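> pasting the sequence and the predicted model now:
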Amino acid sequence: MALFLAAALSLATVRSAQAAVIVKGFPVWAEPLARRSLNAVWEQIPSSQPPEERARILPLVAERLFEGYAITSVDGDADPVTVTFRPLEERAWTVALIAPSLSFPLDGWFVEDLQGADAVLAGLLEGLPPSALSWAGRTLEEAVDQTLRARLPGWRTSTLFRSEGGAWSLEVRFIPEGTLLLAFEPRLSSMTLPVSLLRTDLKEDVHERLEPLLGLPVDWLGHHSDEIELWAGERLRERSVVDKMKGQVDVSFKAERISAVDVAIESHRYVLWAWASAYAGTEDRYPEVGLHLGRRATPFSGWEGELYYEGVLEMNDFSLENRWGFRWSPWGDVWLGAELVYPGERLWGRVSLGGRIGSPYLWWRFSEEDSHNLGLGYRLNEYISLELHYDGDDDDSLSLRAVGNL
C-alpha cells in the first residue's frame, strides 16, 4: 500500500489524466495537486472493476494520501466521481514577512511593495491543518513565492513553518536572484551650462547617492525606476553649483547589470557654454572657439525667451565676431530668433532644433543679404558633436565640422 501511495503522488507531478475525479474541500492552491493525485490513483484501479467497486476503493486510498483531511462524501454515481474532503483540525496561522536589510529609502519601497501581502498569505493558510504540510508543503511554498514575486520582481522567497506552543506561523524571507546591478555609468548633459563645470562633483554625487542599489535585483530596481530618478534628483538639486544657476535636474535611470544614469541639468535663468571647432574638406574655414552667454526669462505663458551674447574667435588671425540676439522657444528644443552681428552690423535670423546627447540636431542662420549658414549634425556625447556644415559665402560651401563642448 505504501508503494502504491508513493506512486500515486509521483505520477501526480508528471502527468495530468483526464478528469475522472473531482475534489472539493481543499484550499484553491492545493486542489490541482489533490486532483492529479486522485486521478493517478483512479488510473491504477483496474478498469475491469465495476464502477461502484472503483468508487469504494478510491476513498480508502485517498484518506492515506491527504494527511490532515477526511472524506465527507463520495459521489460515485456521476462521471466524473466527486470526492469531498474536510480538515480534521483547523489552526489559526500567523504570517511574518521579514524584509532584507536595506538602506533608506529602499527599505520603505520594499515595505510598500509588501503592503497587504500578509493578509493574502493568511488567506492561503486559512483552515489548513499543519499535518497537511507533509504532502502540500512544497505546493504551498510555490504559491507563496508566486504571490510575492508579482509584488517583488527579482526576489525569491525562503519559507519556514514554525510551531510554538500549539500556534503555527509562516515565516518568509527574501533572497535576490537573477541579474543584479553591479555598477553605474553616470552621464551628464546640459544645453545651458558647461559640462566641465558640473562633471566631477556631480558624478561623484551620483555614485554616492546610488551606491545602496548595488547588488540588488535589476527587475526590482526597474520596478522602482521612477522613485530612483526622483530620489537621485533631490540630492543633485542641493548642490551649490546647481542651486546658484537655478538649475533643473532630470534623472533618467535604466536598470541593467551596468546601469546608465543620464543626468540632464538645465538652467532657466542663465546660459553659459563654450566650444572649439575644426573643419575638414574646406580651405575657407579655420579652427575657432566660441562663447555663449545668455539670460533667460518667460515673457509669454509657456514661451521661454533668451537675451544673449555670442562671440566667435577665428584662430588664424584672432578676429572676433560679436553676435547680440534674442531667441525664444515655442515648444521643446525648437528655438527661433534674430541676432545683430558685428563687425558689419548685419541682421541674421536663426533657427535651431534638437541638440541633446545621442540625437541629431539642425541649426540655420540667414541674413538680410540672403546669406545662409547651416549645420546638420549629431551629438555623440557630452563633449563631441559632428556636423555637415554649409556656408553660402565660402568657395568650399560644404565641409565637415567637429565641435568640442568645453
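Arrived safely.

> helices along this structure, start to end?
According to DSSP state H, the chain carries its helices in the segments 2-14, 31-44, 51-65, 106-113, 117-125, 133-149, 195-210, 218-223, 225-237, 240-244.

> could I get these as JSON lines with mean pLDDT?
Formatted as JSON lines, the helices of the chain follow (pLDDT from 0 to 100):
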{"stretch": "helix 2-14", "mean pLDDT": "42"}
{"stretch": "helix 31-44", "mean pLDDT": "86"}
{"stretch": "helix 51-65", "mean pLDDT": "76"}
{"stretch": "helix 106-113", "mean pLDDT": "96"}
{"stretch": "helix 117-125", "mean pLDDT": "94"}
{"stretch": "helix 133-149", "mean pLDDT": "95"}
{"stretch": "helix 195-210", "mean pLDDT": "76"}
{"stretch": "helix 218-223", "mean pLDDT": "96"}
{"stretch": "helix 225-237", "mean pLDDT": "89"}
{"stretch": "helix 240-244", "mean pLDDT": "65"}
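
> nearest to Trp324, out of the ones you listed?
In terms of C-beta to C-beta, the element of the helices of the chain nearest to Trp324 is helix 195-210, at 24.0 Å. In this view, the C-beta of every residue, glycine as well, is placed from N, C-alpha and C.

> so which residues of the stretch 151-300 of the chain form strands?
155-164, 167-176, 183-189, 247-254, 258-267, 270-280, 288-300 (DSSP state E, counting those that start in this stretch).

> would CSV of those with mean neighbour count be doable?
Converted to CSV, those look like this (neighbours: other C-beta atoms under 10 Å):
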stretch, mean neighbour count
strand 155-164, 14
strand 167-176, 16
strand 183-189, 17
strand 247-254, 18
strand 258-267, 19
strand 270-280, 17
strand 288-300, 15
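
> if the nearest residue to Leu398 once chain neighbours are set aside is in a bridge, with which residues?
Of all residues not flanking Leu398 in the chain, Tyr390 sits nearest, at 5.7 Å (C-beta to C-beta, 6 or more residues apart in numbering). As for beta bridges, Tyr390 partners with Leu374, Leu398 under DSSP bridges.

> just to check, Tyr390 is in contact with Ser397?
Yes. In this structure, Tyr390 is within contact of Ser397 by C-beta atoms under 8 Å, at 5.7 Å.

> neighbours of the residue nearest to Leu398, how many?
Using other C-beta atoms under 10 Å, Tyr390 has 16 other residues around it.

> and what of Leu182?
Neighbours around Leu182, by other C-beta under 10 Å: 12.

> wait, doesn't it sit right on Arg257?
Yes. When contacts are counted by C-beta under 8 Å, Leu182 is listed as touching Arg257 (5.4 Å).

> return the backbone torsion pair for the closest residue to Asp284 other than its chain neighbours.
Nearest non-adjacent residue to Asp284, counting by C-beta to C-beta, 6+ apart: Asp394, 3.9 Å away. Note on Asp394: backbone dihedrals following degrees, to the nearest 10 are phi -90, psi 150.

> ok, Asp394 to Gly165 distance?
Counting by C-beta to C-beta, to the nearest Å, the gap from Asp394 to Gly165 is 92 Å.

> looking at these two, which is more packed in?
Using other C-beta under 10 Å as the criterion, Asp394 and Gly165 rank with Asp394 on top: 16 against 4.

> contacting residues for the more buried one?
Contact analysis of Asp394 by C-beta atoms under 8 Å, 6 or more residues apart in numbering lists 282, 284-285.

> top of those by number of neighbours, please.
Arg285 (19 neighbours).

> for that one, grab phi and psi.
Per degrees, to the nearest 10, the backbone of Arg285 is at phi -120, psi 140.

> spatially nearest residue to Arg327, not counting backbone neighbours?
Nearest non-adjacent residue to Arg327, counting by C-beta to C-beta, 6+ apart: Gly337, 2.6 Å away.

> was I right about that neighbour contacting Ser329?
No. Counting by C-beta under 8 Å, Gly337 sits too far from Ser329 to count as a contact (9.3 Å).

> closest to Ala117 out of the strands of the stretch 151-300 of the chain?
Ala117 sits nearest to strand 167-176 of all those, at 8.7 Å, using C-beta to C-beta.
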